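In: got a predicted structure here, sequence first:
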Amino acid sequence: MTPTYYLLLSALLFTIGAVGVLVRRNAIVVFMCVELMLNAVNLSLVTFSRINGGLDGQIMAFFVMVVAAAEVVVGLAIIMSIFRTRRTASVDDSNLLKY
Amino acid sequence: MTGTINLAAEVQQASGVANLAWLLLVLPAFGAAVLLIAGRRADKWGHLLGSATVIGAFAYAVLLFFDTTSLAADDRTREAHLFDWISIHSLNVEFGLRLDPLSLTFVLLITGVGSLIHIYSIGYMSDDRDRRRFFAYLNLFVSAMLLLVLGNGFVTLYFGWEGVGLASYLLIGWYQGKDFAATAAKKAFLMNRVGDVGLALAIFLMFKNMGSTQYSVVFDKIGEQSTGVIVAIGILLLLGACGKSGQFPLQAWLPDAMAGPTPVSALIHAATMVTAGVYLIARSNPLYSLPQAEDARLVVMIVGAVTLLIGCVIGCAYDDFKKVLAYSTVSQIGYMILAVGLGPAGYAFGILHLLTHGFFKAGLFLGAGSVMHGMNDEGDIRRLGGLAKKMPITFITWTLGYLALIGFPFLSGYFSKDAIIAAAFSEGGSRGWIFGGIALLGAGLTAFYMTRLLILVFLGKPRWENLKSEDGRAYHPHESGWTMTLPMIVLAVGSVGAGAILSGVLPEWLAPTLGELVEEHGPLSHTVIAILTVAISAIGAGIAFALFGRREQPVTRPQRVSFPVRAARADLYGNHLNEALFARPGVWLTRFLVFVDNRGVDGLVNGIAAGLGGSSGRLRRLQTGFVRSYALSMLGGSILVIAALLMVRFA
Amino acid sequence: MSTSSTGSWLLAALLLLPLVGAAVVVALRGNDSTAKAAALAFSIAEFALAIVAWVQFEPGGARLQQAFSFDWIPAFGVHVSFAVDGIALAMIAVIGLLVPLVIGAGWLDKLPEGRTKGGFFALILLEQALTVGVFAATDVFLFYVLFEIMLIPMYFLIGSYGGARRQYAAVKFFLYSFLGGLIMLASVIGCYVLAVEQNGTGTFEWAELVKVVSTAPLETQIWLFLGFFAAFAIKAPLVPVHTWLPDATAEAPIGVAVLLVGILDKVGTFGFLRYLLPMFPLASKELAPLVLVLAVAGVIYGSMLATGQRDMKRFLAYVSIAHFGFIALGIFAFSSQAMVGSVTYMVNHSLATGMLILVVGMVIARGGSSRVADYGGMAKLTPVLAAMLLIAGLSSMSLPGTNSFVSEFLVLIGSFPNAPVYTIIATVGMVLAALYVLWLYQRVMQGPVRGDALVGAAGGPGTMVDPAVGAKKAIADLSGREKLVLAPLVVLIIGLGFFPKPVLDVVTPAVDATMCQAALADPVQSGERQLQCR
């Protein structure tokens, strides 16, 4: 088994996620792209863990999952409330937190 | 110099009557304090208390005088220590009094003339609702002036020096509702302060080089100092004297000071305060008598001679009664300064002239005050005239003072002024001729302007009959009450007799302080000089009579006049010079500095603040609030970081 | 570890009483009159304590008296330690005197909307406690902390209770002082590091640091000196870092302006004496010309600007800047006469300028404007007020017979032997002082009655007023309360002018000790004296 493929896949996923965050307007999609990036990182963490033979990477991956789950909870709640007040989920329509 | 007595060795402790010498200072000061603090409650009796304290001080001074004359000549210099004023290690400034013939002479003059003028003021100021405050200021003045002459060190002298300046400021600005009075007061104080800087620096030099500011130490050690230090102290003291005594180049304030009430002009700006400069130089005689101080003395003489001429020339052109007298004072003090500048040959004559001048000039001013009091405060001599019949006592006393001033034979001015002229000639060489000649010329000019004054005010036609004063009232000249005439009579008696009596005894009386009078004989004998002086004075008076006595005089001053008259009317451009040299550049500099401070110094600070604020405002614009732009910048940042890491790794 | 010496309870009480007072006054702020009474009572009690401390102080005794100390941060050798020498004691006494007067003067002042008298006076008491602490602190770190904290109540006093541009002035004041303080912090830490290097353990005790730092090489001393100097020069203030003072004085309420100019600014010159000279003797000598130039420039520049001001309160600020020039000159002329002169100048300036500010405040309270041009001929309407302005003014121009003469004379005569040129220039400042004081007096008090408020009261433009007839209603002369506020100052101004010995005696030993620490000798020796370091 060559770890290279896993790493390449991880990079691909991360890139897709990053591009998605940058180009998509729908907050839900942006959110999902962020999750995609997190999971790409998880994948590479696990891969490196496997390469080095330690458990550190896998443990870290669990942490990321937990944090991601918590983030989903909070993030989706925010998106929901924004949608309720503004009737839109586009990230370009809300820029209240500016200078 | 022969005849100079080493003073420091002979100072005695005051005892007996002299132990109470502090009363001299405290009595008038107490009067002033009571009158100022009690306020309107003291209106009824304030003038009486004010006069009583000064008369009390005079009585004590007489007592002290006789106490001193009962001592041997060598024991007459006494000091009374009151308390340590400012004492820090090597600097010890005592608050003490020096009672010696010189200071006692002044004490008698100040309290004597002071008492007379207090009495005169009771009548003169009777219409003023603030008469009480006036007496408080007069008392303050007497107290400060006594401190000036009695202090036993240069710092106590300085204390009194500035104290009389304050009293003078308050009294010149008496009519403070009028801008010109307030401005004149301010001008007087400021020009005095310029002189005070000189005095202060002289004191600093004394401390630096001799470690003390007390007369006893300074006069003891002055002989050991280098010529440079001695000359510097001499000239700085002279600067102080110039400020207080209205000498060139600081003479311009004295005529303006006539804005004050007339008794003030008589007491402060004729008889006492303005002679403080003469006192200072006479007091410092151990310094000026040193051969190393030759140059300083020369400067003193030059200042005196220049001033006496300036005063005479300007006095000829003015039409204001009191201002003519003021310039006369300037020039007479010029004589005194010239005299003390002559050194041991002249100190005593300077003081002699100071005393006789105190009598006749105070009398002349009181006469002027009496005239103005009866003439609705009219001071323009062209609007007066023919008052001799209306005010006989004033006329007679004034004329006696006049004769004394122009040196009419055997009146007091004759003895004192002639002595100075003779002493000036006896300086010898070209100096003797120059200074003697100037003094002689001054005598002629003095006779001229004083005769002009006499004719225009008291003789001739009553030009005021068809005129009204500024406030629209007609003139009703009348003789003044007894409180005013009595002092005038006393002073007139003094003007007549003081010279004859004092010229005999004064030099010997003052010898313990000023050293023996050195009689030197110049190219001309005293008799010749006396005849010359009288002759020249007669010529001056004669010209004045020819010009003013025989013709009708206009009520307003003629405008088309020759250049010398115009120059004299403009104070020989002294004020213009001050204005152009100091006042105007000062105002410009101040405005410029205010601009620099607001725009430059503060502008720099505010500029930095504004620059920081402005650039932060620009940078803030980067926060657009759009999530995706933040994401892009995060991506850019990450790429930069990774690129940097890679470059480090593979470089 | 804690130590204390005799009389330390006095100093502790002096520090705590105003704090307690501030707390009580804040609690009572709902009711104006009780809050005012409480504030006045506490301030008078504090003054009484200060007098007791003055009497207890032995001028011939130890350098620092009434000391107490306990650990604060032992790891860094930081202590809470307080003690007074003659200089600090004199300043504490002045604070004790001025605060009740300021409270009395501000008794009837109108405050901005929504502010209470209680809050105002509580802040003043708090400021008092902090300034007493600054003067009494004998731990350099504690001094630094108090030096900075002291800004906070003052910031609110200016920013919340001041005039129209109070926010600007308060921020400017705070930033200026804070900047200086931070630069000083760097030097404070530098001194600590030196102590660690030399002794192994670091300390912030002043007496220890003096021993350590004063032996450091010149280069090190210069850098550390500059750090302290930046803070003190801003605080004093010396030209050219003075521009916060005119703004702060102009915008602050009158009483606060008195505290600002009379007390807070003195921390700067106090710092020169307590920190710069003993800790950095080599650098002080090396850099003395720099300070002297700034000092003399301040005298002339401040005086000239004072004559050019249109606003009376800004005028007062520039007058103070000129006076601080004299103080700095006296300290860096290195003679005991000049240095004693400077310390007494600090005391006398607080009395004289404090009184001048209070009187100007009373003028403003009557005319409703601080512009000089809005006044004229007031002496006719209010003779007593005019007399007070004159007395305060005469003291400001150092007329003999007033307290300031003694100090200015000492500064100048003491500076002359070592720094003749600077002294001569500063002496010219005497003429300018007379000029600006008399200018103000003439414009406000003399001449015909001018200004809307005054003419309105007098009945007709430019008329000469007979005070018995008109003008009595609107423009009244001093009230009993105002006379009571000014009376102690008048008594002290004249009393100390004739008899300055009590102050000189307390101050001189501390100055001698400072001269000794800085290894300075008098230029003019009387012979019998030997410098004894204590």
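Out: Structure's in. What do you need? Residues are numbered from 1 along each chain as shown, chains lettered A, B, ... in the order given.

In: all helices of the stretch 1-150 of chain C, in order?
Out: Using DSSP state H, counting those that start in this stretch, the helices found in the stretch 1-150 of chain C span residues C:8-27, C:32-56, C:86-105, C:117-136, C:140-149.

In: tell me where the stretch 351-500 of chain C has helices.
Out: For the stretch 351-500 of chain C, the helices defined by DSSP H, counting those that start in this stretch cover C:378-381, C:383-396, C:403-415, C:420-445, C:452-458, C:480-498.

In: quick one on the thing from earlier: how about the helices of the stretch 1-150 of chain C in CSV, adding mean neighbour count and mean pLDDT?
Out: The way it works is simple: take the backbone N, C-alpha and C, and place the C-beta from them, glycine included. Below are these laid out as CSV (neighbours: other CB atoms under 10 Å in any protein chain shown; pLDDT from 0 to 100):
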stretch, mean neighbour count, mean pLDDT
helix C:8-27, 19, 92
helix C:32-56, 18, 93
helix C:86-105, 25, 94
helix C:117-136, 25, 94
helix C:140-149, 22, 94
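
In: now do the SS call for residue B:416.
Out: Under DSSP: H, G, I helix; E, B strand; the rest coil, residue B:416 falls in the helix class.

In: pretty sure it sits against residue B:357.
Out: Yes: in this structure, residue B:416 is within contact of residue B:357 by CB atoms under 8 Å, at 7.3 Å.

In: on that earlier part again, and the helices of the stretch 351-500 of chain C: which comes nearest residue B:50?
Out: Between residue B:50 and the helices of the stretch 351-500 of chain C, the shortest separation by CB to CB is 17.4 Å, and it involves helix C:383-396.

In: any idea which of the helices of the stretch 351-500 of chain C is most buried?
Out: Highest mean neighbour count among these (mean count of other CB atoms under 10 Å in any protein chain shown): helix C:403-415, with a mean of 29.

In: now do that one and helix C:383-396, the angle between them.
Out: Following axes from the mean of the first three to the mean of the last three CA atoms, to 10 degrees, one obtains 10 degrees for the angle between helix C:403-415 and helix C:383-396.

In: how distant is helix C:403-415 from the center of its chain?
Out: Helix C:403-415 sits 17 Å away from the centroid of its parent chain (CA atoms, centre = their mean, to the nearest Å).

In: for residue C:305, what are its contacts?
Out: B:590, B:593, B:594, B:597, C:318, C:321 (CB atoms under 8 Å, 6 or more residues apart in numbering or on different chains).

In: how about the last one, what does it touch?
Out: Taking CB under 8 Å, 6+ apart as the definition of contact, the neighbours of residue C:321 are C:237, C:239, C:242, C:245, C:298, C:301, C:302, C:305.

In: ok, now which ones touch the nearest residue to residue C:432 once chain neighbours are set aside?
Out: Nearest residue to residue C:432, sequence neighbours excluded (CB to CB, 6 or more residues apart in numbering or on different chains): residue C:303, at 3.6 Å. Contacts of residue C:303 were listed using CB under 8 Å, 6+ apart, and they are C:318, C:319, C:322, C:429, C:432, C:433, C:435, C:436.

In: over to residue C:67?
Out: The neighbours of residue C:67, taking CB under 8 Å, 6+ apart as the test, are C:3, C:4, C:5, C:8, C:11, C:81, C:82, C:83, C:138.

In: same check, this time on residue B:305
Out: Contacts for residue B:305 (CB under 8 Å, 6+ apart) come out as B:334, B:338, B:434, B:435, B:438, B:439.

In: wait, the fourth one sits on residue B:338?
Out: It stands for residue B:435. Yes: counting by CB under 8 Å, residue B:435 does reach residue B:338; the two are 6.4 Å apart.

In: where does chain A dip in pLDDT?
Out: The model of chain A has pLDDT under 70 over residues A:1, A:99.

In: mind running it again at 90?
Out: Residue ranges of chain A with pLDDT under 90: A:1-4, A:21-27, A:31, A:50-54, A:56, A:79, A:82-83, A:85-99.

In: can you point me to the longest helix in it?
Out: When chain A is parsed with DSSP state H, its longest helix is helix A:56-86.

In: before we move on, back to that, state the distance from the residue nearest to residue C:432 to chain A.
Out: Distance of residue C:303 to chain A, computed by CB to the nearest CB, to the nearest Å: 47 Å.

In: ok but that residue is inside a helix, no?
Out: Yes: assessed by three-state DSSP, residue C:303 belongs to a helix.

In: quick revisit: top of the contacts of residue C:67 by neighbour count?
Out: With neighbours taken as other CB atoms under 10 Å in any protein chain shown, the top of the contacts of residue C:67 is residue C:11, carrying 27 neighbours.

In: re earlier: so which of the contacts of residue C:67 is the closest to chain B?
Out: Distance to chain B across these (CB to the nearest CB) is lowest for residue C:83, with 23.9 Å.

In: which one's more surrounded, residue B:435 and residue B:338?
Out: Between residue B:435 and residue B:338, counted using other CB under 10 Å, the more crowded position is residue B:338 (32 against 25).

In: any idea of the mean pLDDT for the longest strand seen in chain B?
Out: The longest strand of chain B (DSSP state E) is strand B:78-88. Computed over strand B:78-88, the mean pLDDT rounds to 88.

In: what angle separates that strand from helix C:403-415?
Out: Using the same axes, to 10 degrees: strand B:78-88 against helix C:403-415 is 80 degrees.

In: between strand B:78-88 and helix C:480-498, what angle do the directions make?
Out: 110 degrees.

In: kindly list the longest strand within chain C.
Out: strand C:65-73.

In: element containing residue B:145, please.
Out: Secondary structure from DSSP states H and E places residue B:145 in helix B:131-150.

In: and that helix, how far out from the chain middle?
Out: On CA atoms, centre = their mean, the centre of helix B:131-150 falls 15 Å from that of its chain.

In: and for stretch B:542-555?
Out: Relative to its chain's centre, stretch B:542-555 lies at 33 Å (CA atoms, centre = their mean).

In: please apply the same query to stretch B:46-53.
Out: Distance, centroid of stretch B:46-53 to centroid of chain: 25 Å (CA atoms, centre = their mean).

In: also stretch C:213-229?
Out: With CA atoms, centre = their mean, you get 26 Å for stretch C:213-229.

In: could you look up the SS state of residue 97?
Out: Just so you know, I chose chain A. Residue A:97, by the three-state scheme (three-state DSSP), is coil.

In: right idea, wrong chain: chain B
Out: What three-state DSSP gives for residue B:97 is strand.

In: ok, it to residue B:162 distance?
Out: Distance, residue B:97 to residue B:162, by CB to CB, to the nearest Å: 18 Å.

In: specify the beta-bridge partners of the closest residue to chain A within the stretch 1-150 of chain B.
Out: When scored by CB to the nearest CB, the stretch 1-150 of chain B has residue B:88 as its residue closest to chain A, at 62.8 Å. Counting by DSSP bridges, residue B:88 forms beta bridges with residue B:91.

In: what about it, how many residues nearby?
Out: 25.

In: residues contacting it?
Out: C:336, C:337, C:340, C:410, C:414, C:504, C:508.

In: filter the contacts of residue C:67 down to the ones in strands?
Out: Secondary structure from DSSP E places C:3, C:4, C:81, C:82, C:83 of the contacts of residue C:67 in strands.

In: now the second one: closest residue in space that isn't a chain neighbour?
Out: Right, the one you point to is residue C:4. Excluding the flanking residues, the one nearest residue C:4 by CB to CB, 6+ apart is residue C:68, at 3.8 Å.

In: now the first one
Out: Distance criterion CB to CB, 6+ apart; nearest residue to residue C:3, sequence neighbours excluded, is residue C:69 at 5.1 Å.

In: thinking again about what came up before, want to try JSON lines for the contacts of residue C:321, with pLDDT as columns?
Out: Shown next, in JSON lines, are those (pLDDT from 0 to 100):
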{"residue": "C:237", "pLDDT": "89"}
{"residue": "C:239", "pLDDT": "84"}
{"residue": "C:242", "pLDDT": "90"}
{"residue": "C:245", "pLDDT": "92"}
{"residue": "C:298", "pLDDT": "93"}
{"residue": "C:301", "pLDDT": "92"}
{"residue": "C:302", "pLDDT": "92"}
{"residue": "C:305", "pLDDT": "91"}
